[in-house]
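*Asks:* Got a predicted structure here, sequence first:
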Amino acid sequence: MTTSTRAAEPAVLVLEDGRVFRGRAYGAVGETFGEAVFSTGMTGYQETLTDPSYHRQVVVMTAPHVGNTGVNDEDPESSRIWVAGYVVRDPARTPSNWRSRRSLDDELTAQGVVGISGVDTRALTRHLRERGAMRVGIFSAGALADDAALLARVRQAPQMTGADLSAEVATAEPYVVPAIGAKRFTVAALDLGIKGMTPHRMAQRGIEVHVLPATASVEEVYAAGPDGVFLSNGPGDPATADLSVIKAVLERSTPLFGICFGNQLLGRALGFGTYKLKYGHRGINQPVQDRATGKVEVTAHNHGFAVDAPLDAVSDTPYGRAEVSHVCLNDDVVEGLRLLDRPAFSVQYHPEAAAGPHDAAYLFDRFVQLMAEQGAKRA
Ligand SMILES: NC(=O)CC[C@H](N)C(=O)O
């Protein structure tokens with residue numbers, strides 16, 4: 001357990017529309033830019049910080065106390081913190097948990113992540129809900145200048161719309177996550193920003209997962225003789241992604257499962273559009289309905305874009321009929337797609353749900369079932 005004793009420097013958060021919040025430096029001292037988004041998760045800050053889908057985003061935590069359980073070595077979803085910046089109201093002064101190895105403040109500092117604390121995160125969240133996600137800068141210590149000069153710099157930062165980021169976060173080299181217990185299937189997983197829990201959830205079901213770089217070719221995807229192909233979550237704008245591998249997988253009717261960015265890419269490969277939500281869904285208590293069973297599940301989300309597909313009609317696509325399988329009950333956003341004539345489906349949210357809840361874990365079983373059925377057909 002470590003207690004942070006650094007005297008916090010003054011810091012300022014400047015939004016692209018000119019709104020300014022003042023606070024104290026949290027984590028590294030310096031400056032950072034990104035897209036301001038808020039997460040409503042009350043737990044799981046380590047999983048949030050290390051989710052590669054947050055690359056280039058400054059995350060505002062609506063939970064008022066952050067860092068209470070410190071930082072452990074078990075919960076990260078990848079090898080580093082990916083958020084571009086971190087905004088909290090009231091950080092823990094003395095973390096306490098049996099697994100804690102160091103304080104969150106120290107971890108953010110060690111990884112060079114600039115944050116700000118002492119911010120009225122409720123006011124900031126309400127502002128982002130009213131005005132939408134937008135660019136932001138956090139500045140501390142020597143980086144402080146007059147607000148107008150800082151605002152000018154925020155307005156020069158890159159936008160999230162049009163950002164092609166998968167290759168910046170994905171593995172450069174392929175690797176294999178072995179099946180736990182008897183191996184039943186092989187899956188080629190395209191790493192567009194994959195979280196560690198995802199291959200683990202597949203491995204638990206007897207799947208050997210070949211994780212491939214985002215830029216893998218069709219030949220590389222099929223090299224391991226996969227029973228199925230998986231499309232991961234990931235940062236950036238889905239409109240920028242190359243769809244040729246996904247189209248080839250659909251063409252061959254190889255079982256396909258996509259999560260989050262993967263859902264958006266499947267949607268685009270089918271001919272649907274994607275669009276930017278006003279402020280997105282980020283948290284671990286979003287109600288989603290599975291329209292096949294009518295069941296409502298409480299789910300983990302992190303998305304700023306969504307698929308534009310008709311909710312109440314079956315659509316004709318180049319790969320046969322498709323329908324919206326899941327919908328968010330808060331705002332009717334498309335949360336899942338299913339093909340009726342080929343073995344492919346996807347969800348916009350996170351069944352691997354590293355910080356929980358685990359209501360949606362059945363989707364990995366559906367993928368297994370799809371591979372079993374397809375295997376039986378081919379045999
Ligand atoms: N978690 C994800 O895969 C996010 C997908 C995409 N970058 C979005 O913001 O919508």
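*Replies:* Cool, the structure landed.
*Asks:* from here on, contacts and neighbour counts on C-alpha atoms
*Replies:* Will do.
*Asks:* Regarding the chain, what is its longest strand?
*Replies:* Longest strand in the chain by number of residues, with DSSP state E as the criterion: strand 273-290.
*Asks:* Excluding chain neighbours, give the residue nearest to the residue of the stretch 51-200 of the chain found nearest the ligand in space.
*Replies:* Per Cα to the nearest ligand atom, S53 is where the stretch 51-200 of the chain lies closest to the ligand, at 4.8 Å. Nearest non-adjacent residue to S53, counting by Cα to Cα, 6 or more residues apart in numbering: P235, 4.0 Å away.
*Asks:* Which of the helices or strands spans the one you found?
*Replies:* Assigning secondary structure by DSSP states H and E places P235 outside every helix and strand.
*Asks:* Distance from the chain centre to the helix or strand bottoming out on mean pLDDT in the chain, please.
*Replies:* Here the helix or strand of the chain ranked lowest by mean pLDDT, DSSP states H and E is helix 362-378, holding a mean of 94. Computed by Cα atoms, centre = their mean, to the nearest Å, the chain-centroid distance of helix 362-378 equals 25 Å.
*Asks:* Ramachandran angles for the nearest residue to K195 once chain neighbours are set aside?
*Replies:* Spatial nearest neighbour of K195, excluding adjacent residues (Cα to Cα, 6+ apart): E77 at 5.0 Å. With angles defined as degrees, to the nearest 10, E77 sits at phi -90, psi -10.
*Asks:* isn't E77 right next to T198, touching?
*Replies:* No - with contact defined as Cα atoms under 8 Å, E77 does not reach T198; the gap is 9.1 Å.
*Asks:* where does the residue nearest to S53 sit relative to G23, distance-wise?
*Replies:* Noted for P235: a distance of 28 Å to G23, by Cα to Cα, to the nearest Å.
*Asks:* quick one, which of those two is more surrounded?
*Replies:* P235 (29 against 22; other Cα atoms under 10 Å).
*Asks:* List of residues touching the least confident helix or strand of the chain?
*Replies:* 185, 201-202, 205, 227-228, 254-257, 343, 351 (Cα atoms under 8 Å, 6 or more residues apart in numbering).
*Asks:* list the contacts for the residue of the stretch 101-250 of the chain found nearest the ligand?
*Replies:* Minimum separation of the stretch 101-250 of the chain from the ligand (Cα to the nearest ligand atom) falls at N233, amounting to 3.2 Å. Taking Cα under 8 Å, 6+ apart, we find N233 in contact with 53, 191-195, 258-262.
*Asks:* Just flag the most distant two among those residues.
*Replies:* S53 and G258 (14.3 Å; Cα to Cα).
*Asks:* Strands of the stretch 201-350 of the chain, start to end?
*Replies:* 207-212, 228-231, 256-259, 273-290, 296-308, 315-317, 320-328, 334-339, 344-347 (DSSP state E, counting those that start in this stretch).
*Asks:* Figure out which of the ones you listed is closest to the ligand.
*Replies:* Nearest of those to the ligand, taken as Cα to the nearest ligand atom: strand 296-308 at 3.5 Å.
*Asks:* how big is the angle separating that closest one from strand 320-328?
*Replies:* 120 degrees (axes from the mean of the first three to the mean of the last three Cα atoms, to 10 degrees).
*Asks:* Name every strand pairing with strand 296-308 and say which way it goes.
*Replies:* Strands adjacent to strand 296-308 in the sheet, as given by DSSP bridges, are strand 273-290 (antiparallel).
*Asks:* do the strand it pairs with and the ligand meet?
*Replies:* No - Strand 273-290 lies out of reach of the ligand by Cα under 6 Å from any ligand atom, never closer than 7.5 Å.
*Asks:* Outline the domain layout of this structure.
*Replies:* Annotated domains of the chain cover 10-154, 166-378 [automatic domain parsing].
*Asks:* mind checking the end-to-end distance for the shortest one?
*Replies:* Taking Cα to Cα, the span from the opening residue of domain 10-154 to its closing residue is 18 Å.
*Asks:* circling back: helix, strand or coil: sort out the residue of the stretch 51-200 of the chain closest to the ligand for me.
*Replies:* helix (DSSP: H, G, I helix; E, B strand; the rest coil).
*Asks:* A110 - how many residues pack around it?
*Replies:* By the criterion of other Cα under 10 Å, A110 has 11 neighbours.
*Asks:* what's the closest non-adjacent residue to it?
*Replies:* Per Cα to Cα, 6+ apart, closest to A110 is A28, 7.5 Å.
*Asks:* partner residues bridging the one you found?
*Replies:* Counting by DSSP bridges, A28 is bridged to V114.
*Asks:* what separates it from E16, distance-wise?
*Replies:* A28 is 22 Å from E16, where distance means Cα to Cα.
*Asks:* Can you tell me which of the contacts of helix 362-378 has the most neighbours?
*Replies:* For these, neighbours tallied by other Cα under 10 Å; top is G228, 29 neighbours.
*Asks:* quick one: contacts for it?
*Replies:* 185-188, 254-257, 371.
*Asks:* Just list whatever residues bridge to it.
*Replies:* Here G228, judged by DSSP bridges, has bridge partners V187.
*Asks:* Pretty sure E31 sits against V114.
*Replies:* Yes - contact criterion Cα under 8 Å: E31 and V114 qualify, at 6.4 Å.
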